[in-house]
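Visitor: Quick one: sequence and predicted model below, then my questions.
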Amino acid sequence: MNKYKLALFFMLSALSNASAQMPQVEMADALRENGKIYVVVVIIAIVFIGLAGYLINLDRKISKLEKKD
Amino acid sequence: MKGIWWKLLGLLLVLFSLVFGMLGPVQRLPILNETIRVLYYHVPMWFAMVALMLTSLIYSLKALNTNNLAQDSYAFEAAKTGFFLASIGLATGMVWARFTWGAFWVNDPKLNGTAVTMLIYLAYFVLRNSVEDPFKRIRLAGVYNIFAFVMMIVFIGILPRLTDSLHPGNGGNPGFNKYDLNSDMRPVFYSAVIGWILIGLWLTNLRVRYKNLKEKHEQV
């Protein structure tokens, strides 16, 4: 039983160490803080919505051809 | 057009994953840093590939059972879409590997397994195209497709788990445990997976319909 407790203690301490170190990892925080990330997201969304519209249109064109036959 | 709802659902899920994949909170992990977000865009390609290869297998089994040419053609197109998604998965994975593992190609069992899998499917395409008689083609390509699917599961699902791999979920661990993917990331990741599977099925659907129209046109 003691062995398990010891193992649990080490696991927990390793976990707390890991979480304590996490904020030091360098991330693109500035990009988020100044809101420029939204520009990137809006552009990605526009490209994808455009592509999606194109696909839907293509699907409808094929449907029309199928009805003709 | 009927049956559009699942196509729109696929598009919406992928759009959700694109937007929240960039905005949502992620773990702060060393080395990976912000590139952890690649998980939302790279991994769903593989999930969608496996789903499409499974679709291909199901249609091959159906075709073998019924000798139906349309089902055999569906199996072929599904495998082609799966192969296309795998190529994108490989290309994105190589870029990600360059900046986290240091090289475009590392000697990882999952990478090599994927390469072998893609070669196996290339052989399926060559085999199916090389048989002229359509009914002979159903049997040959169908049986080979069963073999290809089993080999894919062995090479990307089983063998990497038996040895150590740089990919998560290998070396005996279950895939995506709580240290790889926290609860913030799960909804975005799963919506990307389901969305890309639906889009993959849609692309297959478009190709099959195009091919049917082309065949009709050629007969006239």
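Guide: Now that the structure is in, tell me what you want to look at.
Visitor: going forward, measure contacts and count neighbours with C-alpha atoms only.
Guide: Fine.
Visitor: Output the contacting helices and strands for whichever strand or helix holds A:L55.
Guide: Using DSSP states H and E, A:L55 sits within helix A:36-68. Here helix A:36-68 touches helix B:5-23, helix B:186-219, going by 3 or more CA pairs under 8 Å, 6 or more residues apart in numbering or on different chains; DSSP states H and E.
Visitor: The longest one: how far from the chain's middle?
Guide: So the one you mean is helix B:186-219. Centroid displacement of helix B:186-219 relative to its chain, using CA atoms, centre = their mean, to the nearest Å, is 12 Å.
Visitor: Please point out which parts of it sit buried.
Guide: For helix B:186-219, a neighbour-count test (16 or more other CA atoms under 10 Å in any protein chain shown) marks B:188-210, B:213 as buried.
Visitor: ok, which of those also contact chain A?
Guide: The subset of those within reach of chain A, by CA under 8 Å from any CA of the partner chain, is B:206, B:209-210, B:213.
Visitor: In TSV, list those along with pLDDT.
Guide: What follows is these, written out as TSV (pLDDT from 0 to 100):
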residue	pLDDT
B:L206	94
B:R209	93
B:Y210	93
B:L213	91
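Visitor: Was I right to think B:Y124 contacts B:Y144?
Guide: Yes - under the criterion of CA atoms under 8 Å, B:Y124 makes contact with B:Y144 at 6.7 Å.
Visitor: Neighbour count for these two, which is higher?
Guide: B:Y124 (23 against 20; other CA atoms under 10 Å in any protein chain shown).
Visitor: do you know how far that one is from A:E33?
Guide: B:Y124 is 51 Å from A:E33, where distance means CA to CA, to the nearest Å.
Visitor: what does B:S165 give?
Guide: Taking CA to CA, one finds B:S165 at 36 Å from A:E33.
Visitor: Between those two, tell me which one has more neighbours.
Guide: B:S165 (18 against 9).
Visitor: name the element the more buried one belongs to?
Guide: Using DSSP H and E, B:S165 falls outside every helix and strand.
Visitor: For it, what are phi and psi?
Guide: phi -140, psi 150 (degrees, to the nearest 10).
Visitor: just checking, it touches B:N107?
Guide: No - with contacts counted by CA under 8 Å, B:S165 stays clear of B:N107, the gap being 9.0 Å.
Visitor: Send me the helix or strand of chain B with the lowest mean pLDDT as PDB with only the CA atoms.
Guide: Among the helical and strand segments of chain B, the one scoring lowest on mean pLDDT, DSSP states H and E is helix B:159-162, with a mean of 84. In PDB, the C-alpha atoms belonging to helix B:159-162 read as follows (Å, rounded to 0.1, in the frame of the first residue of the first chain):
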ATOM      1  CA  LEU B 159       2.900  -1.900 -35.600                       C
ATOM      2  CA  PRO B 160       3.600   1.700 -34.300                       C
ATOM      3  CA  ARG B 161       2.000   0.800 -31.000                       C
ATOM      4  CA  LEU B 162       4.300  -2.200 -30.500                       C
END
